[in-house]
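S.K.: Okay, predicted coordinates and the sequence, questions at the end:
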Amino acid sequence: MDQMKIPWERLHHAFLTHEHTDHILGMVWAVRYVTELILYGNYEGNFTVFSNAVAGQKLNDICTMLLKKAQRDLIGERIFIRFVEDGHAEEILGDRFTFFDIHSTKAMQYGFRMDAKEGYHLVFLGDEPFSEKCLPYMEPCDWLLAESFCLYSERHIYNPTQYYHGTVKDACECANRFHAKNLVLWHTEDETTFGIRKDVYTKEAKTFFDGNIYVPDDFDTIELA
């Protein structure tokens with residue numbers, strides 16, 4: 001956020017998908033940073049983290065164990081960890097967010113759909129492929145954020161289904177099925193495509209999907225509309 005020149009003081013809402021360390025530990029640092037801003041009088045309003053009950057409770061437990069008393073005391077007063085249930089809807093900054101269980105077998109994990117006040121619709125599926133149980137939350141879908149662990153042409157190398165992940169083709173087929181206009185591919189491997197990932201993922205995706213394709217690198221900005 002510092003490198004993107006996004007002031008931490010503007011961060012008031014966050015979403016924690018699940019309890020895996022590559023997701024939850026970063027949120028601990030975010031909570032810690034905001035508590036410091038509050039204690040020094042440099043933060044207005046509250047900070048709310050939306051999460052399922054399992055991940056949210058673990059975030060609360062970690063913060064309780066690691067943060068200083070003055071920081072801990074802000075949880076429940078200025079820092080809020082909100083447990084959301086499947087189908088729970090919330091208005092955030094004028095947009096309607098509906099959180100949903102992606103029915104992961106590894107750990108409880110939630111995604112969300114955003115119905116923006118400007119009229120477009122975004123669906124975030126978490127870091128696993130689409131489950132039929134998420135069908136009620138899929139349409140309309142102008143923007144689809146879908147994990148794509150590896151290229152379809154390299155599935156024999158990575159065997160993504162073994163890790164409950166998918167390929168570029170899987171994400172594109174999902175985008176086609178739900179008539180998405182824009183597809184954002186993320187949660188990708190970097191072993192064989194480091195430095196060329198954007199080009200090779202985009203090229204393969206174009207063979208399966210005719211809409212707009214985004215394979216963001218760190219610090220890329222995508223304008224939603």
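M.R.: Right, received. Where do you want to start?
S.K.: contacts, neighbours, all on C-alpha from now
M.R.: Noted.
S.K.: Please report the distance of the nearest residue to Phe124 once chain neighbours are set aside from Thr98.
M.R.: Of all residues not flanking Phe124 in the chain, Leu145 sits nearest, at 4.8 Å (CA to CA, 6 or more residues apart in numbering). Distance, Leu145 to Thr98, using CA to CA, to the nearest Å: 15 Å.
S.K.: quick one, which of these two is more surrounded?
M.R.: In this view Leu145 and Thr98 are compared by other CA atoms under 10 Å, and Leu145 has more residues nearby, 23 against 20.
S.K.: Kindly state the pLDDT recorded for His1?
M.R.: That one is not His; residue 1 is Met. For Met1, the pLDDT comes out at 89.
S.K.: How far does stretch 196-214 stretch from one end to the other?
M.R.: OK, stretch 196-214 end separation, CA to CA: 14 Å.
S.K.: hang on, I meant stretch 79-89
M.R.: Start-to-end, stretch 79-89 (CA to CA) is 20 Å.
S.K.: Report the buried residues of that stretch.
M.R.: 79-82, 84, 86, 89 (16 or more other CA atoms under 10 Å).
S.K.: What of stretch 65-82?
M.R.: In stretch 65-82, counting by 16+ other CA under 10 Å, buried: 67, 71-72, 74-75, 79-82.
S.K.: Run through the residues that contact Ala180.
M.R.: 140-144, 211 (CA atoms under 8 Å, 6 or more residues apart in numbering).
S.K.: before we move on, back to that, got a markdown table for the buried residues of stretch 79-89, with pLDDT and secondary structure too?
M.R.: Listed next are these as a markdown table, based on pLDDT from 0 to 100; DSSP: H, G, I helix; E, B strand; the rest coil:
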| residue | pLDDT | secondary structure |
| --- | --- | --- |
| Ile79 | 98 | strand |
| Phe80 | 98 | strand |
| Ile81 | 98 | strand |
| Arg82 | 98 | strand |
| Val84 | 98 | coil |
| Asp86 | 98 | coil |
| Ala89 | 98 | strand |
